[in-house]
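Visitor: Need a 3D model of the following:
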Amino acid sequence: MQTPRPVVAMANLGTRGRFGNKLFQYAFLKLYAKRFGLRTETSDWIGRYLFGHNDPFISRAWPVVAEQEQTRLAQLLSAPKPRFVNVNFDGYFQFDTRHFAPYRPYFQSLFQPVPPIRKELQTGLERLKEKGRTIVGIHIRRGDYYRYRKKEKNRVFFIAPSNWYVRWLRSVWGRLDRPVLFLASDSLPELIADFAEFDPVVSSGLYERPFPEADYYPDFYLLSHCHLTAISNSTFSFAASMLNSDGRLFVRPDNDVKALVRYDPWASPPLLHYKRSYY
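Guide: Just a heads-up that it's a prediction; the model follows:
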């Protein structure tokens, strides 16, 4: 009887953080498994629906490789042989994306929507393209950050003010070919007036019906197709920038310089950490 290939599992995939976090977790699991010819098992998560991933469900309680191992996990992707097999990886895997960069095509292939969803979302993207030649995307995350920053002592969840984004837009807008602004946020009602001079477009105006299975996904999909993108300090929009093959410029808020700064989606930490927030 043939011995089954060893397994690497991720039992907390559907519960460890929100959408962007789950993408980094799943990417690490699949890259590690692919590199060393291992089988994968996961808990249930939205990627089964959006991306068609049908990994077997968790079959048993595998030994846990937990968060304290994170400082060494990045090196596992380039190791000559697998250090861990028949284990359950449990963590966030948000190390510098230089460790993911050698596997960029495979990483990006993992997060392509299944054909029926892609067809529907492509309709909104085409409508956005009809409004201009250069798509400028902005993602501003605030809603849950208002809650998290109190718990986390503001190390990650700082909220950059709208005027940082407006100042950046004014610096590039006049040099762009027929620009159109796409604005994504969990706090649109309080933000949209801040960008009125750029006549922003939002995803709800591009689709004829809501997307109840994952109402955030149209924003993510459209952000991954912008030519210039200004993100929040959030894995949601950072992950979208990693999937973007059309992007020419990526910027994000830097709390040290109180402005948006350029970053490389494939050679940067996904989140910037600070001791205190700026409000």
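
Visitor: buried set for stretch 75-93?
Guide: 76-77, 82, 84-85, 87-93 (16 or more other CB atoms under 10 Å). For every residue, glycine as well, the C-beta is placed using N, CA and C.

Visitor: The nearest residue to residue 113 once chain neighbours are set aside: how many residues sit nearby?
Guide: Nearest residue to residue 113, sequence neighbours excluded (CB to CB, 6 or more residues apart in numbering): residue 50, at 5.6 Å. Burial of residue 50 is recorded as 20 neighbouring residues (other CB atoms under 10 Å).

Visitor: what's the distance between residue 50 and residue 138?
Guide: Going from residue 50 to residue 138 by CB to CB, to the nearest Å gives 23 Å.

Visitor: again with residue 102
Guide: Here residue 102 is placed at a distance of 30 Å from residue 138 (CB to CB).

Visitor: Equivalent analysis for residue 258, please.
Guide: For residue 258, the distance to residue 138 (CB to CB) stands at 17 Å.

Visitor: Between these two, point out the one with more neighbours.
Guide: residue 138 (28 against 13).

Visitor: now what about the helix or strand containing that one, what contacts it?
Guide: Using DSSP states H and E, residue 138 sits in strand 134-140. The contact list for strand 134-140 (CB atoms under 8 Å, 6 or more residues apart in numbering) reads 128-129, 160, 162, 165, 169, 172-173, 176-185, 187, 191, 195, 200, 219, 222-223, 225-232, 234, 236-237, 240.

Visitor: Can you list the residue ranges for strands in the stretch 51-200 of the chain?
Guide: 64-65, 87-89, 134-140, 179-185 (DSSP state E, counting those that start in this stretch).

Visitor: What are the buried residues along stretch 200-209?
Guide: For stretch 200-209, the neighbour count (16+ other CB under 10 Å) marks 200-203, 206 as buried.

Visitor: possible to save those as JSON lines with distance to residue 264 and secondary structure?
Guide: Converted to JSON lines, those look like this (distance: CB to CB, whole Å; DSSP: H, G, I helix; E, B strand; the rest coil):
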{"residue": "200", "distance to residue 264": "26", "secondary structure": "coil"}
{"residue": "201", "distance to residue 264": "27", "secondary structure": "strand"}
{"residue": "202", "distance to residue 264": "28", "secondary structure": "coil"}
{"residue": "203", "distance to residue 264": "26", "secondary structure": "helix"}
{"residue": "206", "distance to residue 264": "29", "secondary structure": "coil"}
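
Visitor: any idea which of these is closest to residue 27?
Guide: Ranked by distance to residue 27 (CB to CB), the buried residues of stretch 200-209 are led by residue 203 at 24.2 Å.

Visitor: which non-adjacent residue is nearest that closest one?
Guide: Nearest residue to residue 203, sequence neighbours excluded (CB to CB, 6+ apart): residue 218, at 4.3 Å.

Visitor: Confirm that the one you found sits in a helix.
Guide: Yes. According to DSSP: H, G, I helix; E, B strand; the rest coil, the state of residue 218 is that of a helix.

Visitor: ok, now which ones touch it?
Guide: 121, 124, 203, 206-207, 211.

Visitor: Starting from residue 216, give me the distance back to the nearest residue to residue 232 once chain neighbours are set aside.
Guide: Sequence neighbours aside, residue 141 is the residue nearest to residue 232 in space, at 4.1 Å (criterion: CB to CB, 6+ apart). Separation of residue 141 from residue 216 (CB to CB): 10 Å.

Visitor: what residues do these two have in common as contacts?
Guide: With CB under 8 Å, 6+ apart as the test, residue 141 and residue 216 both reach residue 236.

Visitor: the more surrounded of those two?
Guide: More crowded of residue 141 and residue 216, by other CB under 10 Å: residue 141, with 22 against 16.

Visitor: My understanding was that the more buried one contacts residue 237; is that so?
Guide: Yes. With contact defined as CB atoms under 8 Å, residue 141 reaches residue 237; the gap is 7.4 Å.

Visitor: which stretches of the stretch 101-250 of the chain have low pLDDT?
Guide: Applying pLDDT under 70 to the stretch 101-250 of the chain picks out residues 143-156.

Visitor: ok, which stretches of it are helices?
Guide: Secondary structure of the stretch 101-250 of the chain (DSSP state H, counting those that start in this stretch): helices located at 104-109, 115-129, 143-151, 162-172, 188-191, 217-223, 235-242.

Visitor: Columns distance to residue 44 on top of these, output as CSV?
Guide: Listed next are the helices of the stretch 101-250 of the chain as CSV, based on distance: least, CB to CB, whole Å:
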stretch, distance to residue 44
helix 104-109, 21
helix 115-129, 18
helix 143-151, 22
helix 162-172, 36
helix 188-191, 30
helix 217-223, 17
helix 235-242, 20
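
Visitor: No further questions, thank you.
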